[in-house]
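>>> Following is a predicted model, sequence given first.
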Amino acid sequence: MLRAYKYRIYPTDEQKVMIAKTFGCCRYVYNWALEMKELLYWKHNVIVSMFDMKSMVVHELRQKAPWLKEVSQNALAYAVADLYEGYTNYFQGRAEKPTNRIKRGRQHYHDRGVGLKVDFKNGLIFVPKLKGIRCVFHRRFKGRIKQVGIELLTSGVYNASLLVDDGNPMPKKAPVDPDKTIGIDMGMKHYVVTSDGLTDEPVHYAKEQKRKLKLLQRRMDKKVIGSRKFCIYKRRIAKLHQHVANKRHDHINKLTHYLAYENHATTICVEDLDIAEMKQNKHLAYNLEEVSIGEFYRQLKYKCDWAGKNYIKISQYAPSSKRCSKCGYIYRKLTIDDREWTCPECGTHHDRDFNAAVNIKHFGLSEQQTLPSVRRKVKPVEQPLVDDRSHECRVHSSDPKEPCCCASTRLDREDKRQLSLRNRKTSSSGRNRKSDGL
């Protein structure tokens, strides 16, 4: 089973220069491969495979640009692989079309090789083309390291991500048990509400630092672009954003760890929300960005896979909030401002979020066919259908020659049709008279 571990690293000045060279070379190869791929496709109608593109980088590009030989060859190959992965995500609708990489912002590269290893005792990590980098191992692992990723954030922090194969198979999924199943409702008023009574309130980390952020941005705005003071305030703003993101990420990690490992449930049901569509509402976009619902779902899914628990997503169009969890009545008049409501059919008083969590659990179990779906009792229609009226004329009338309700309905329709045709003829004749008079 593959696991990723992320650590903070502290490279020396010499190592920072080598890392910066690798960033620049990978960025150059990525942009060159993007331009070459687009050129061959649009001018010569040729689709270059990833294997051929890597061969062109090794045998052609490195000969034209000898300075590419100063960095690891595997890092350049991973840059090409990143480009093709971006095209795959673009064609499958998960991302936008790949564009040129720029020097500003987050920088990263991936590498692998024989010299990739760690030393927990001395706190060092060894990367190809680099000597031992000082690293803070807050947790240890056992397994074979497959690849490493080095990144530089805008706040000036260096991180190393290790992909480790521990040799253990993925645990089997537990059978779906209705008694060990919970439903989770996500929101902005209450961040997480489960069907077993757990409620987690949202923590607005960005709003807590909003005043400080405004102050720093105003001071940076008064400085000359590119000056020393401008760069100082730009770095301070980036550190503040990183601090907020770390706090939010830590909160989501702890919450998803509790739901996946410490909770009694073996099946977790969630709602498949369209976050991008919800962000189109300008009144909800900022709060949706702050609570990070998509990141919560991402972490919960892979942790459920690691723990051997079932992760079920229901449709986003399921009436989880408007449906009564007791009788199944759907309350159409429920608005987004109503936090509590009473079912007009059974009289049950509901909390909006808890009722939605219970319904999500029922919908998830219904999709797995472990619980029959609850539907309201429908009163049968006494009148026959339109297609069946021709077959029931003799049923309504004892004498087939006498007209019944179905025949009268057809006669009414024919009269209306004839009346509409007469109106059309009179209107057309009136237009012809006017034209003749002109």
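Arrived safely.
>>> isn't G132 right next to L124, touching?
Yes - between G132 and L124 a contact is recorded at 3.7 Å, counting by C-beta atoms under 8 Å. (Glycine included, C-beta is placed from N, CA and C.)
>>> What about the nearest residue to K361 once chain neighbours are set aside? Give its phi and psi, please.
Using C-beta to C-beta, 6 or more residues apart in numbering and skipping the chain neighbours, the partner closest in space to K361 is G183 (3.2 Å). In this entry, G183 is assigned phi and psi values of phi -110, psi 140 (degrees, to the nearest 10).
>>> which residues of the stretch 251-400 of the chain fall in strands?
Under the criterion DSSP state E, counting those that start in this stretch, the stretch 251-400 of the chain carries strands at the ranges 267-271, 310-314, 340-342, 349-351.
>>> Go through those and pick out the most buried.
Mean neighbours per residue, mean count of other C-beta atoms under 10 Å, is largest over those for strand 267-271, with a mean of 25.
>>> who's in contact with that one?
With contact meaning C-beta atoms under 8 Å, 6 or more residues apart in numbering, strand 267-271 is reached by 174, 176-177, 180-186, 259-260, 297, 300, 304, 309-314, 316, 318, 320, 356, 360-361, 363-365.
>>> switch the cut-off to 7 Å
For strand 267-271, the external contacting residues (C-beta atoms under 7 Å, 6 or more residues apart in numbering) are 176-177, 180-186, 259, 297, 300, 304, 309-314, 316, 320, 360-361, 364.
>>> repeat for stretch 192-201
For stretch 192-201, the surrounding residues in contact (C-beta under 7 Å, 6+ apart) are 182-186, 190-191, 255, 353-354, 357-358, 361.
>>> try stretch 69-86
Outside of stretch 69-86, the residues that reach it under the criterion C-beta under 7 Å, 6+ apart are 21-22, 25-26, 29-30, 33-34, 50, 53-54, 57-58, 62, 68, 95, 98, 109-113, 128-129.
>>> how deep is A65 tucked in, by neighbour count?
Here the count is done by other C-beta atoms under 10 Å, and A65 has 14 residues near it.
>>> gap between it and W32?
Distance, A65 to W32, using C-beta to C-beta, to the nearest Å: 9 Å.
>>> if we can go back for a sec, got the strands of the stretch 251-400 of the chain as TSV, with mean pLDDT columns?
What follows is the strands of the stretch 251-400 of the chain, written out as TSV (pLDDT from 0 to 100):
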stretch	mean pLDDT
strand 267-271	92
strand 310-314	91
strand 340-342	87
strand 349-351	88
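>>> Show me what the stretch of helix or strand M56 belongs to is packed against.
Using DSSP states H and E, M56 sits within helix 50-56. Counting contacts by 3 or more C-beta pairs under 7 Å, 6 or more residues apart in numbering; DSSP states H and E, the secondary-structure elements packed against helix 50-56 are helix 73-91.
>>> Show me what counts as buried in the helix it packs on.
73-80, 82-84, 86 (16 or more other C-beta atoms under 10 Å).
>>> Just the pLDDT for L411.
pLDDT, L411: 40.
>>> got the contact list for D111?
The neighbourhood of D111, defined by C-beta under 7 Å, 6+ apart, consists of 72, 74-75, 78, 127-128, 147-148.
>>> What are the buried residues along stretch 323-330?
By neighbour count on 16+ other C-beta under 10 Å, the buried set for stretch 323-330 is 323-325, 328-329.
>>> hmm, back to that, buried only: go through the contacts of strand 267-271 for me.
176, 181-186, 259, 297, 300, 304, 309-314, 320, 360-361, 364.
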